[in-house]
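[1] have a look at this fold, sequence not included:
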């Protein structure tokens, strides 16, 4: 194993013995069995590293071991950082590793209309509100409060713009001020009621709609953001199993809530352990020494690279 990498082996096996799994509807009720469909969804803002390969390998194994479908989705809504060479590099790395996906790769940038429709559905029911706060203003509000409301990894939005009257909102919107659309977690919780999601590692988890607070669902420049886009696309691609790093477990509370609000099916989840560097930090794209392209240039074989994530 590469000396700069540490990885805790998942607590459940990556392989599954049957082809069909139960799926849950937006209210958590069991539906009929269906073929396993997974996806790997990198952002084309850099080349793949070993952490990405772990995520891709888990999703690939779940699908292939069950005779299912493995899809590739480029999460390319972060416009300024996206470059065409990274789309090609990601696909080149996956093919070199033997992690071949089914069908054509999906680009989120081609799905903006679907995200806008989902946002409009939430907006019509008063479940989102415009937020005009800058990062500095949010920090000042936290300071004024004396103690910022804490989320799992960082403070959550203090709800400043949620308190604005409709007349003030209209004035600010009419002035052309930049803004984002935030989920009103309180209203969403009241409408959706109690929810759970199923994780193959952690079991059944009760949803806490307030865990991440009033998250951003869309920015004015592109009309969407991660939380909304990933939920809409998982439903569009009929994903039955969402596998991703355990650092995104808290985000699943938001995603399960959005599925219920939008009437979308709920997949099963597997939040796997992360690959960490020698200092205990999760791998990032700045870890060039662990980029697949770099390892390949050093003469490593696909089997050797995959062995780095399989050893643990």
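    Sure thing, it's come through. Everything numeric here is computed off the predicted structure, so don't read it as measured data. Residues are numbered from 1 along each chain as shown.

[2] could you use CA atoms for every contact and neighbour count after this?
    OK.

[3] so residue 271 lies in a helix, does it not?
    No. Looking at residue 271 with DSSP: H, G, I helix; E, B strand; the rest coil, it is strand, so not inside a helix.

[4] burial check on the nearest residue to it once chain neighbours are set aside, number of neighbours?
    Nearest-residue entry for residue 271: residue 246, 4.5 Å, with adjacent residues in sequence omitted and distances by CA to CA, 6 or more residues apart in numbering. For residue 246, the neighbour count with other CA atoms under 10 Å is 14.

[5] now do the strands in the stretch 101-250 of the chain.
    106-107, 128-131, 180-183, 196-199, 203-206, 216-219, 241-245 (DSSP state E, counting those that start in this stretch).

[6] let's have the ones you listed in TSV, adding mean neighbour count and mean pLDDT.
    Conversion of those to TSV gives the following (neighbours: other CA atoms under 10 Å; pLDDT from 0 to 100):
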stretch	mean neighbour count	mean pLDDT
strand 106-107	17	98
strand 128-131	24	97
strand 180-183	24	97
strand 196-199	18	98
strand 203-206	12	98
strand 216-219	20	95
strand 241-245	22	96
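
[7] redo those strands as JSON lines? Include distance to residue 251.
    Shown next, in JSON lines, are the strands of the stretch 101-250 of the chain (distance: least, CA to CA, whole Å):
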{"stretch": "strand 106-107", "distance to residue 251": "21"}
{"stretch": "strand 128-131", "distance to residue 251": "17"}
{"stretch": "strand 180-183", "distance to residue 251": "13"}
{"stretch": "strand 196-199", "distance to residue 251": "12"}
{"stretch": "strand 203-206", "distance to residue 251": "13"}
{"stretch": "strand 216-219", "distance to residue 251": "12"}
{"stretch": "strand 241-245", "distance to residue 251": "11"}
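
[8] of those, which is nearest residue 140?
    Nearest of those to residue 140, taken as CA to CA: strand 128-131 at 15.3 Å.

[9] where are the low-confidence patches of the stretch 151-300 of the chain?
    Scanning the stretch 151-300 of the chain for pLDDT under 70 picks out 277-289.

[10] and with 90 instead?
    151-155, 176, 219-223, 274-290 (pLDDT under 90).

[11] tell me where it has helices.
    Remark: helices assigned in the stretch 151-300 of the chain by DSSP state H, counting those that start in this stretch are 166-174, 185-192, 226-236, 249-262, 292-297.

[12] can you give me how far the third one is from the chain middle?
    On the basis of CA atoms, centre = their mean, to the nearest Å, helix 226-236 sits 8 Å off its chain's mean C-alpha point.

[13] any buried residues in it, and which?
    227-235 (16 or more other CA atoms under 10 Å).

[14] run through who's touching stretch 151-169.
    Applying CA atoms under 8 Å, 6 or more residues apart in numbering, the external contacts of stretch 151-169 come out as 129-133, 138, 141-142, 148-150, 184, 211-215, 250.

[15] hmm, 10 Å instead?
    Outside of stretch 151-169, the residues within contact range by CA atoms under 10 Å, 6 or more residues apart in numbering are 128-133, 135, 137-139, 141-142, 145, 147-150, 170, 172-175, 182-185, 210-216, 247, 249-251.

[16] hang on, the earlier thing: for the residue nearest to residue 271, what are its contacts?
    Residue 246 neighbours (CA under 10 Å, 6+ apart): 201, 270-274.

[17] distance of it from residue 174?
    Look at residue 246 and residue 174: by CA to CA, to the nearest Å, they are 41 Å apart.

[18] repeat for residue 81
    In terms of CA to CA, residue 81 sits 29 Å off from residue 174.

[19] more neighbours: which of the two?
    More crowded of residue 81 and residue 174, by other CA under 10 Å: residue 81, with 12 against 9.

[20] what about residue 302, distance to residue 78?
    Taking CA to CA, one finds residue 302 at 30 Å from residue 78.

[21] before we move on, which element is residue 85 in?
    Secondary structure assignment for residue 85, by DSSP states H and E: helix 84-97.

[22] what comes up buried for the longest helix seen in the chain?
    Counting by DSSP state H, the longest helix found in the chain is helix 50-65. Buried residues in helix 50-65, counted by 16+ other CA under 10 Å: 50-64.
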